[in-house]
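Undergrad: the amino acid sequence is not available; the structure is as follows:
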């Protein structure tokens, strides 16, 4: 697109920046609580709020405290929470059977939230790593993360979550063919209205470390996830993955991590025009918090700027651990 701009001094771009009122009038993107999904870590117990050491301000919560967090989110105008379980080591096995147990932590928390706060949307995570004794998102056979057998398990996990009341299924596993299998199973079981927000472009990133601490997967992981998560050097491949997942029945798509991959977010929105989300992952959060605690940056301003960058890149929403703090700031004007 060709743009014509009057020459200086007829065009003075600083005119529009002169006052807060003029800056507000010419601002191209806005951020609201409705743009946010709050990731929450659920653990066993009652009355428990356990700090995650590598993520200052983030807690593992027991189901009753998860319900309190969901109520807080709803009161702040945050439309959705996303659940990630911290599974007891005794329940982690090679067959990952706890993943589709109707009474596992995630499913119990989903039911409790929907009972207490029916208007908030609950998103769940579909991947085997919280339940896998070797920390991988899929089954491991002879050192290989196998695809098709894993997809069968993910379908069982999906149905258990849908039956527990999940509004949005979030497949984060990056196995081939899983979206089509999940959508087919949901339709066959009568869960026609359950949405799929696919982690369609999830990279084999080094930004996930604190998250793995939070769900207790760090010590269990053997090797890396490069055979199923994306190469950080690739962009065109992400577009092919987005196209595939949409063709298989994904309602929305996600890019993960977030800020280091804003170019991917922008391409997805421009090329497909579909609901596009990004995950501001644990490493991004931890770096901002650490720098703020050391007085190296203004943490609140960087937090707000980082989320506005997602909107500028074309994202319709962001998963962020900052969600309640941001929503409170926006509510106070």
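TA: Thanks, I have it. What you are looking at is a predicted structure, and each value in this text was computed from that prediction instead of being measured.
Undergrad: angles on the backbone of residue 315, please.
TA: For residue 315, the backbone dihedrals (degrees, to the nearest 10) come out as phi -70, psi 140.
Undergrad: please read the previous query as pertaining to residue 141.
TA: phi -130, psi 120.
Undergrad: chain center to the least confident helix or strand in the chain by mean pLDDT, what's the gap?
TA: One helix or strand of the chain scores below all others by mean pLDDT, DSSP states H and E: helix 209-215, with a mean of 80. Helix 209-215 has its C-alpha centroid displaced from the chain centroid by 14 Å (C-alpha atoms, centre = their mean, to the nearest Å).
Undergrad: what does it rub up against?
TA: 41, 52-55, 58, 60, 84-87, 129-130, 135, 218, 221, 281-283, 285-286 (C-beta atoms under 8 Å, 6 or more residues apart in numbering). Placement of C-beta: from N, CA and C, glycine included.
Undergrad: please narrow those residues to those residing in helices.
TA: Residues of the contacts of helix 209-215 located in helices (DSSP state H): 282, 283, 285, 286.
Undergrad: now the strands: where do they sit in the protein?
TA: Along the chain, counting by DSSP state E, strands occupy 36-42, 49-51, 59-61, 80-85, 121-126, 140-141, 144-145, 168-171, 195-202, 252-256, 276-280, 317-320.
Undergrad: which of those strands sits closest to residue 183?
TA: Closest approach to residue 183 among the strands of the chain is made by strand 195-202 (6.4 Å; C-beta to C-beta).
Undergrad: show me what the closest residue to residue 227 other than its chain neighbours bridges to in the sheet.
TA: Nearest residue to residue 227, sequence neighbours excluded (C-beta to C-beta, 6 or more residues apart in numbering): residue 145, at 5.8 Å. In this structure, residue 145 bridges to residue 140 when assessed by DSSP bridges.
Undergrad: save the strands of the chain as CSV, and put in distance to residue 188, mean neighbour count and mean pLDDT too.
TA: Shown next, in CSV, are these (distance: least, C-beta to C-beta, whole Å; neighbours: other C-beta atoms under 10 Å; pLDDT from 0 to 100):
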stretch, distance to residue 188, mean neighbour count, mean pLDDT
strand 36-42, 28, 25, 98
strand 49-51, 39, 14, 96
strand 59-61, 34, 21, 96
strand 80-85, 24, 23, 97
strand 121-126, 17, 24, 98
strand 140-141, 28, 14, 92
strand 144-145, 27, 16, 94
strand 168-171, 15, 25, 98
strand 195-202, 15, 25, 97
strand 252-256, 21, 26, 98
strand 276-280, 26, 27, 98
strand 317-320, 29, 24, 98
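Undergrad: list the buried ones in the biggest helix by length in the chain?
TA: The longest helix of the chain (DSSP H) is helix 148-163. If you call a residue buried by 16 or more other C-beta atoms under 10 Å, then helix 148-163 has these buried ones: 150, 151, 153, 154, 155, 157, 158, 159, 160, 161, 162, 163.
Undergrad: tell me the contacts of the last one?
TA: With contacts defined as C-beta under 8 Å, 6+ apart, residue 163 is in contact with 102, 189, 191.
Undergrad: my guess is the first one contacts residue 161. True?
TA: No: Residue 102 sits out of contact with residue 161 when judged by C-beta atoms under 8 Å, with a separation of 9.5 Å.
Undergrad: which residues touch the residue nearest to residue 227?
TA: Contacts of residue 145 (C-beta under 8 Å, 6+ apart): 136, 137, 138, 139, 225, 227, 228.
Undergrad: try it again with 6 Å
TA: 136, 138, 227, 228 (C-beta atoms under 6 Å, 6 or more residues apart in numbering).
Undergrad: how about residue 83?
TA: 40, 42, 106, 109, 124.
Undergrad: again, only this time at 10 Å
TA: Listed by C-beta atoms under 10 Å, 6 or more residues apart in numbering, the contact partners of residue 83 are 39-42, 66, 70, 105-110, 113, 122-125, 161, 166, 170.
Undergrad: with residue 74 instead?
TA: By C-beta under 10 Å, 6+ apart, the contact set of residue 74 is 80, 81, 113, 116, 117, 118, 119, 120, 121.
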